[in-house]
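Visitor: this one's sequence-less:
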């Protein structure tokens with residue numbers, strides 16, 4: 001065709017779009033929705049990914065560099081960004097250098113000053129301990145830090161949200177999360193455990209990368225030193241932990257100068273790792289980085305990770321397919337609604353090429369409009385929902401980052417796929433009978449069984465290719481190709497499946513039975529709409545299965561310190577008062593929270609020494625028989641293939657290394673109440689064994705012939721041998737009878753009876769208590785009980801084990817939100833298109849006297865039938881890419897646990913049930929009561 005003919009075709013398509021505004025709006029919406037989803041996810045991803053300047057600002061504010069002491073008297077090498085890698089130089093292979101000697105003999109802060117040019121400003125980074133602070137309800141634990149928030153150097157590290165920076169003694173800033181949890185407000189006071197004077201809260205602040213952080217920030221010199229002094233004075237534990245980052249300083253150079261790479265390497269020779277703004281913004285070539293000469297590793301980026309590439313490629317490819325499947329039915333409906341116009345064009349001398357050009361012109365016109373609308377709506381949606389996205393993910397955007405090339409590419413892809421989607425309707429329209437088009441008569445053809453067989457083969461073959469190829473580590477080609485082939489196979493089967501769904505009509509009431517039979521009779525109208533809903537639902541289901549499986553894996557990997565919902569009290573040393581403080585604290589907790597239930601008292605086991613004196617006591621550990629130990633837990637290095645084989649074939653390795661976490665000691669002691677509450681073991685035989693003096697072991701690999709072997713290690717001696725090496729503590733082994741049980745929570749490797757532990761030569765002392773209330777204590781309950789304990793002793797650690805708390809990354813959150821949005825919108829729009837295509841049938845009902853209620857009911861069920869079939873088929877199709885991607889991760893890690901697949905059955909049921917219900921209700925409500933009669937078909 002000539003260019004002038006294309007111009008005429010585009011003009012006709014534009015006029016037709018303007019004349020049929022409702023139908024055009026629906027077609028545009030079908031194109032705009034997937035563009036909205038993809039563009040929105042891209043904007044969120046780009047906005048959450050900090051550029052180097054933003055990342056530097058969040059780490060060290062307005063400073064030019066950050067010095068951190070790695071170790072005095074040692075040289076190091078580092079990558080341009082020390083967070084990516086720091087490695088100590090082997091001092092045994094060379095004599096101590098002058099720089100190392102000076103580093104060992106000089107105060108680190110003074111050495112930093114000597115390494116910097118004159119006029120440089122140095123600000124210490126003081127991240128303090130975790131302490132107990134008073135709240136409106138009692139006490140809660142908070143992190144502490146010292147910063148002069150009025151100093152511009154901290155701008156970007158901490159943001160003052162409300163109020164003013166502390167400017168006077170006994171003033172403090174609190175994070176928004178602390179204020180929300182504690183019930184305090186600006187102007188209120190809080191007292192830190194161990195300090196007499198309260199602090200007045202003058203500012204609400206936040207860490208942009210850690211919005212959920214609960215912390216307090218005081219002026220330099222007003223918090224950490226007093227807390228340390230209070231701890232030394234009382235001899236207790238006024239705080240837990242210590243400075244987070246060790247010796248660290250922010251450096252601002254005079255005259256706007258930067259800190260070059262040569263200066264960074266010089267600081268490395270003195271044992272400092274340096275984060276330099278200049279170096280991060282303009283990294284040196286790899287050949288000038290000594291780290292790569294010392295540590296031989298391959299350069300690796302996230303984009304080169306095959307698993308990441310497979311995930312990104314599959315998401316992008318399936319998104320493109322979804323656009324095609326959504327837009328195709330829209331153009332098919334438009335072509336059918338324009339049958340008479342296209343017939344007139346053919347009757348006036350237009351050939352098939354002209355008819356194809358008109359339909360394709362509609363694809364161009366509506367594709368451009370839909371793509372532009374989708375991108376604009378994506379920008380508005382992310383801008384309006386930015387605060388919610390940031391709060392949900394727990395981190396701020398760097399800025400609303402609109403990558404024009406990305407957005408133009410997405411819009412162009414939307415346009416191109418829209419045109420591609422119009423090709424099949426264009427070809428069908430060009431082949432229609434002219435007389436049938438002019439009279440409005442249609443032909444009903446039965447679905448091709450041969451085509452259905454081909455579709456079924458494509459569905460099964462694609463699913464097998466995706467899943468088996470992923471398990472074999474074949475990557476993007478197999479996963480994406482198989483997933484697309486499976487979905488296209490389902491689309492091919494749709495006309496035949498619509499006929500199968502029609503057989504359900506015999507059991508349905510009149511209105512849904514008529515709607516179902518009408519859908520079967522007009523398969524040319526029904527099948528594309530079902531395919532559109534199927535594509536949207538498949539994308540949503542795939543994202544849902546993948547994210548649910550990922551969160552389920554994180555939940556399995558979460559190490560609980562106690563069963564969920566339990567309350568633990570520990571950390572109160574038993575000194576000369578013989579446990580009086582601990583007994584009083586237990587009573588205080590029980591009087592502060594009602595309904596705690598029975599209490600289980602847990603005892604600590606150790607070997608010689610005094611655990612209350614800076615933990616200077618011996619260790620008790622379990623010994624695994626060599627023949628029961630998995631080879632992977634030894635010192636030998638195995639390849640990825642060998643690791644996978646051992647985990648698959650060796651029974652000793654199938655469970656993997658069992659990690660455990662506990663609020664109490666590694667091998668606690670206690671009675672049957674501890675067995676029930678701390679480990680969740682409700683077994684009378686185990687309780688009887690415990691009463692008889694046998695240990696209860698929770699990992700069967702440690703028990704051989706009914707015996708458990710314990711290694712008792714004496715305290716570390718504070719002396720060195722003749723070569724200057726630390727003297728290793730002595731140890732010996734003892735055995736005690738044991739039984740094996742499986743705990744509900746793996747909080748320790750074994751539990752000992754108190755008397756049996758003492759007979760074996762172990763020291764046993766009270767360690768704390770645990771309660772299992774009927775209802776989980778609230779945050780206010782926990783703070784109130786902690787406040788009651790704090791009035792008795794400055795020591796003590798009271799906490800509620802709340803179990804795994806799911807957190808979504810911004811990328812997963814964006815995918816989930818936009819996938820759900822596309823699914824809901826596409827279901828409504830596709831059913832709306834089908835309703836528009838069935839106006840002639842509704843007009844016929846009106847002509848024979850059907851009441852408006854009957855027409856609305858029939859219209860509603862027509863849309864509901866389409867939504868129901870699309871939802872069911874989409875739920876099946878969405879399983880393939882999700883399972884394949886999880887298999888890719890499983891193959892990469894070499895563990896079945898890493899690729900575990902969990903189906904969100906509630907969400908799937910809601911999708912299959914709710915979408916049709918919503919479609920029925922909306923279609924019934926939006927159907928017009930009065931319908932103008934169409935022309936009579938001659």
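Guide: Here it is on my side, so go on. What you see is a predicted model; the values in this text were computed from it and never measured.

Visitor: could you measure from residue 113 over to residue 249?
Guide: Separation of residue 113 from residue 249 (CB to CB, to the nearest Å): 9 Å. (Each C-beta comes from the backbone N, C-alpha and C, glycine too.)

Visitor: who are the neighbours in contact with residue 83?
Guide: By CB atoms under 8 Å, 6 or more residues apart in numbering, the residues touching residue 83 are residue 275.

Visitor: run the last query once more with 10 Å
Guide: Counting by CB atoms under 10 Å, 6 or more residues apart in numbering, residue 83 makes contact with 55, 59, 273, 275.

Visitor: list the contacts for the residue lying closest to residue 551 once chain neighbours are set aside?
Guide: Excluding its sequence neighbours, the residue lying closest to residue 551 (CB to CB, 6 or more residues apart in numbering) is residue 806, at 5.1 Å. Listed by CB under 10 Å, 6+ apart, the contact set of residue 806 reads 547, 548, 550, 551, 552, 554, 555, 558.

Visitor: neighbour count, secondary structure and distance to residue 674 added to these, as CSV?
Guide: Converted to CSV, those look like this (neighbours: other CB atoms under 10 Å; DSSP: H, G, I helix; E, B strand; the rest coil; distance: CB to CB, whole Å):
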residue, neighbour count, secondary structure, distance to residue 674
547, 21, helix, 37
548, 21, helix, 35
550, 19, helix, 34
551, 17, helix, 31
552, 17, helix, 29
554, 12, helix, 28
555, 14, helix, 25
558, 12, coil, 22
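
Visitor: would you list those residues in a markdown table and tack on pLDDT and distance to residue 162?
Guide: Converted to a markdown table, these look like this (pLDDT from 0 to 100; distance: CB to CB, whole Å):
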| residue | pLDDT | distance to residue 162 |
| --- | --- | --- |
| 547 | 80 | 34 |
| 548 | 83 | 37 |
| 550 | 80 | 36 |
| 551 | 81 | 33 |
| 552 | 82 | 38 |
| 554 | 80 | 33 |
| 555 | 81 | 35 |
| 558 | 80 | 34 |
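
Visitor: quick check: mean pLDDT across the helix or strand harbouring residue 225?
Guide: Assigned by DSSP states H and E, residue 225 belongs to helix 224-234. Helix 224-234 shows a mean pLDDT of 66.

Visitor: before we move on, what about stretch 269-280?
Guide: On average, stretch 269-280 scores 92.

Visitor: next: stretch 354-368.
Guide: Mean pLDDT, stretch 354-368: 80.

Visitor: then stretch 4-17?
Guide: 78.

Visitor: wait, is residue 66 part of a helix?
Guide: No. Read with DSSP: H, G, I helix; E, B strand; the rest coil, residue 66 is strand and lies in no helix.

Visitor: quick one: which of the contacts of residue 83 is nearest residue 402?
Guide: Using CB to CB, residue 55 comes nearest to residue 402 of these, at 19.2 Å.

Visitor: you'd agree residue 382 is up against residue 376?
Guide: No. In this structure residue 382 lies outside contact range of residue 376 using CB atoms under 10 Å: 11.3 Å.

Visitor: quick one: the helices in the stretch 1-150 of the chain?
Guide: In the stretch 1-150 of the chain, the helices defined using DSSP state H, counting those that start in this stretch lie at 3-19, 21-48, 52-60, 98-105, 108-115.

Visitor: which of these is buried the deepest?
Guide: helix 21-48 (a mean of 24; mean count of other CB atoms under 10 Å).

Visitor: which elements pack onto that one?
Guide: The contact analysis (3 or more CB pairs under 10 Å, 6 or more residues apart in numbering; DSSP states H and E) places helix 21-48 against helix 3-19, helix 306-337, helix 352-384, helix 386-393, helix 404-430, helix 523-557, helix 810-837.

Visitor: got the domain ranges for this protein?
Guide: 126-244, 509-558+808-938, 567-800 (automatic domain parsing).

Visitor: now the end-to-end length of the last one.
Guide: When you say that, I think you mean domain 567-800. 5 Å (CA to CA, to the nearest Å).

Visitor: and it, average pLDDT?
Guide: Domain 567-800 comes out at a mean pLDDT of 83.

Visitor: buried ones in stretch 669-683, by neighbour count?
Guide: 669-681, 683 (16 or more other CB atoms under 10 Å).

Visitor: make TSV out of those residues and add distance to residue 512 and secondary structure.
Guide: Converted to TSV, these look like this (distance: CB to CB, whole Å; DSSP: H, G, I helix; E, B strand; the rest coil):
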residue	distance to residue 512	secondary structure
669	66	strand
670	62	coil
671	63	coil
672	59	helix
673	59	helix
674	59	helix
675	57	helix
676	54	helix
677	54	helix
678	56	coil
679	54	coil
680	49	coil
681	53	coil
683	53	coil
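
Visitor: looking at this protein, which helix is longest?
Guide: helix 852-893 (DSSP state H).

Visitor: immediately after it, which helix or strand?
Guide: helix 905-926.

Visitor: list the helices and strands that next one packs on?
Guide: Here helix 905-926 touches helix 510-521, helix 523-557, helix 810-837, helix 852-893, going by 3+ CB pairs under 10 Å, 6+ apart.

Visitor: tell me how far that helix lies from the chain's centre.
Guide: Relative to the centre of its chain, helix 905-926 is centred 27 Å away, using CA atoms, centre = their mean, to the nearest Å.

Visitor: the inter-axis angle of that helix versus helix 523-557?
Guide: Angle, helix 905-926 to helix 523-557, by axes from the mean of the first three to the mean of the last three CA atoms, to 10 degrees: 150 degrees.

Visitor: what angle do helix 905-926 and helix 852-893 make?
Guide: With the same axes, to 10 degrees applied, the angle from helix 905-926 to helix 852-893 works out at 150 degrees.

Visitor: hmm, residue 569 and residue 771 touching each other?
Guide: Yes. Here residue 771 lies in contact with residue 569, judged by CB under 10 Å, at a distance of 8.3 Å.

Visitor: list residues touching both of the two?
Guide: Common neighbours of residue 771 and residue 569 (CB under 10 Å, 6+ apart) are 586, 589, 599.

Visitor: what residues are up against the first one?
Guide: Right, the one you point to is residue 586. Counted by CB under 10 Å, 6+ apart, residue 586 has contacts 569, 572, 579, 599, 601, 766, 768, 769, 771, 789, 792.

Visitor: against residue 420, how distant is the second one?
Guide: Between residue 572 and residue 420 the computed distance is 71 Å (CB to CB).
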